[in-house]
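**Q** quick check, what structure comes out for this input:
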Amino acid sequence: MTNKITMRALIDLSPISMTKIANHAGVDQANLSAWFTQDRYLSDDAIERVQFVLGVDDDRLSTSKVFVWRVGRDFRQLQHLVKTCFDKPKLMPLVKKRVKRYELSDLFSQPMATLTDESGHKALLILKTSTVKDAMSDARKLSWFSPEYLEDTQWLKPIQDNSRYPFPPPLQASAEAIHEWKKGFISITDFNEMFRGANMISWEQVIDAATELGLNPAQVMDWLRHITTGQK
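**A** A predicted model of the protein is given here:
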């Protein structure tokens, strides 16, 4: 079974409370909390139900959902998930759509990023609102979603040689969409749409789309052959 450290990280980073997670899993919240902190007994069946709610499938993170994780300035739990659950993880900054050019400060005032990997895992990272203490400190010294602060990650898209920013051009999404996503749910379709708009579609996202449309590999091959050669 997935270890307690991973399960606790998934609960603590989720926008959904432990109480709601326990209710969805049909488990008493007090017993679940005590299982983490006091080693109280919890049946294997109950643990599996909690894992299902958390998006764990056969001891692995599911690739059929987009995880939404709210992270404080302490990245240790997120770092644990990156190291144990993701295969060659890639980051992309995400910002709200607007006309004005994006500066490094945007990643502190509305800090978000996507986290993906070669196995098809997908997560939306949201840095919790800065505290007054953070706001008064030097923003350049604060941790943010970048390979500098998340070990074993890389930018999905390379930084342009002539860029004066320490990040690639951010993905963009509407304020309305981001407001909904912060509640804890973003569909695979919406997630992939951000990359399509930035001309950054991956093969994993093509597979996601084909699966959602109910297409099998043979149908996809036939369609590709038709649009490229005209053959049916």
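**Q** tell me how far residue 125 lies from residue 37.
**A** Distance, residue 125 to residue 37, using CB to CB, to the nearest Å: 26 Å. Using the backbone N, CA and C atoms, a C-beta is placed for each residue, glycine as well.
**Q** between the two, which one's more packed in?
**A** Using other CB atoms under 10 Å, the more surrounded residue of residue 125 and residue 37 is residue 125, with 24 against 10.
**Q** now whichever helix in the chain runs longest: mean pLDDT?
**A** In the chain, with assignment by DSSP state H, the single longest helix is helix 217-229. Averaging pLDDT along helix 217-229 gives 76.
**Q** how about the CA coordinates for that helix, as CSV?
**A** Output of helix 217-229 as CSV, limited to C-alpha atoms (Å, rounded to 0.1, in the frame of the first residue of the first chain):
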residue,chain,number,x,y,z
PRO,A,217,-5.7,3.1,-31.3
ALA,A,218,-6.9,1.7,-34.7
GLN,A,219,-9.4,4.5,-35.1
VAL,A,220,-6.7,7.2,-34.3
MET,A,221,-4.4,5.6,-36.9
ASP,A,222,-7.1,5.6,-39.5
TRP,A,223,-7.9,9.2,-38.8
LEU,A,224,-4.3,10.3,-39.0
ARG,A,225,-3.8,8.4,-42.3
HIS,A,226,-6.9,10.1,-43.7
ILE,A,227,-6.0,13.6,-42.8
THR,A,228,-2.3,13.2,-44.0
THR,A,229,-2.8,11.2,-47.2
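**Q** now it: how far from the chain's centre is it?
**A** Its chain's C-alpha centre and that of helix 217-229 lie 31 Å apart, by CA atoms, centre = their mean, to the nearest Å.
**Q** so what does that helix touch, helix or strand wise?
**A** Judged by 3 or more CB pairs under 8 Å, 6 or more residues apart in numbering; DSSP states H and E, helix 217-229 is in contact with no other helix or strand.
**Q** element containing residue 209?
**A** helix 203-212 (DSSP states H and E).
**Q** next SSE after the helix or strand of the chain with the lowest mean pLDDT?
**A** Across the helices and strands of the chain, the lowest-confidence element by mean pLDDT, DSSP states H and E is helix 132-136, at a mean of 51. Scanning forward in sequence from helix 132-136 by DSSP H and E, the next helix or strand is strand 154-155.
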